[in-house]
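A.B. asks: how would this look folded up:
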Amino acid sequence: MKKIVLMLCCVSVLFGMSGREVMQKQKDLQSTKSEQSREIMILINSDNSKEKREVKRKMRKDVEKDLTDSLIVFVKPSDVGGTALLNLQASKEIENQYLYTPALKKLQRIAQGSKKNYFMGTDFTYEDLSADKLENYNYKILKEEDVKVAKSDKKELCYVIEATPTEAYTPKTSYSKKILWVTKEHFYTKKVEFYGKDKSLIKFENSWEFVNPTGTVYRPLKVAIINKKENHKTVVMVKDLKINEKINKKAFTKRYLLNEEHMADE
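C.D. replies: Now for the predicted structure:
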């Protein structure tokens, strides 16, 4: 036991912070009250054929309760236009996801067992699009490493952090672990690796061209998910990013979707 305590102390001295402290600081520095953006999303198939989509996102956070609601709406092309995903976080333990399909004019609740499925042909699963909860994972710093994820990206020194699901969360996630590269200077995440229950690498996510819209908040203008398992890619380019501007609460209601107000709201 003494040896274990000594090893933990040595790791703490080496990195200055624990993995959980790094993730908590990231949350403290990068959290916002609301966000809105438009995105161009490119889906790239194994034969290099591409499909372009336009998406708008909204997010609001109840700071006191630490709960987040979000809305993703496909704008173009017409065959997916109006399709929307609404995330409503009722408590730290409970989050409900609803998919609205205009052709059916129905709102479908996403079951827990379906959250491992990919959302609308992208490389984001429904789980990936849920609100992050620090409490669901245990964190360990593996090392520090300089990282550059794209030609236009700059090399930055990062904490390399292993996130493994807690015993309680393990049955609810499709991942055995994630590896995150968090910058030491500004505490944003440049890269994430996702590992399946069989311990193999499923996909990795690269983020670059970060901007600083307000205070300590940094957001990437470009994100790429390379899905090794499916031989597929999703590239996202963010535009019209708005931080901490007021958003009508009705945008985060089921009625808003059922009335198709999300299809007219710009």
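
A.B. asks: How is K25 classified with respect to secondary structure?
C.D. replies: helix (DSSP: H, G, I helix; E, B strand; the rest coil).

A.B. asks: Could you report the distance from it to T183?
C.D. replies: Applying Cβ to Cβ, to the nearest Å, the value for K25 to T183 is 11 Å. Every C-beta, even on glycine, is put in place using the N, C-alpha and C of the backbone.

A.B. asks: neighbour-wise, which of these two wins?
C.D. replies: T183 (17 against 14; other Cβ atoms under 10 Å).

A.B. asks: Just to check, that one is in contact with S207?
C.D. replies: No - the pair T183 / S207 is not scored as a contact, 10.5 Å apart, by Cβ atoms under 8 Å.

A.B. asks: tell me, what's touching the two both at once?
C.D. replies: Jointly contacting T183 and S207 under the rule Cβ atoms under 8 Å, 6 or more residues apart in numbering are 189-190.

A.B. asks: so where's the protein uncertain?
C.D. replies: Flagging of the chain using pLDDT under 70 yields the residue ranges 1-15, 265-266.

A.B. asks: 50 instead, please
C.D. replies: Along the chain, the model assigns pLDDT under 50 to residues 2-13.

A.B. asks: Which parts of it are strands?
C.D. replies: 34-44, 50-62, 67-76, 84-89, 95-101, 106-109, 137-147, 156-165, 175-183, 189-196, 201-214, 217-227, 232-243 (DSSP state E).

A.B. asks: Tell me the helices and strands packed up against the last one.
C.D. replies: Counting contacts by 3 or more Cβ pairs under 8 Å, 6 or more residues apart in numbering; DSSP states H and E, the secondary-structure elements packed against strand 232-243 are strand 34-44, strand 201-214, strand 217-227.

A.B. asks: Tell me which of the ones you listed is the most buried.
C.D. replies: Across the helices and strands packed on strand 232-243, averaging neighbours per residue (mean count of other Cβ atoms under 10 Å) puts strand 217-227 on top, at a mean of 19.

A.B. asks: strands paired with that strand, and their directions?
C.D. replies: strand 201-214 (antiparallel), strand 232-243 (antiparallel) (DSSP bridges).

A.B. asks: Specify the angle between the first one and strand 156-165 in degrees.
C.D. replies: Spelled out, that is strand 201-214. With axes from the mean of the first three to the mean of the last three Cα atoms, to 10 degrees defining the directions, strand 201-214 sits at 120 degrees from strand 156-165.

A.B. asks: which residues are in contact with strand 201-214?
C.D. replies: Contact with strand 201-214 is made by 32, 123, 149-150, 152-153, 175, 186, 188-196, 218-230, 241, 243-244, as judged by Cβ under 8 Å, 6+ apart.

A.B. asks: cool, and the last one?
C.D. replies: Among residues not part of strand 232-243, those counted as contacts by Cβ under 8 Å, 6+ apart are 32, 34-46, 122-124, 211, 213-214, 217, 219-227.
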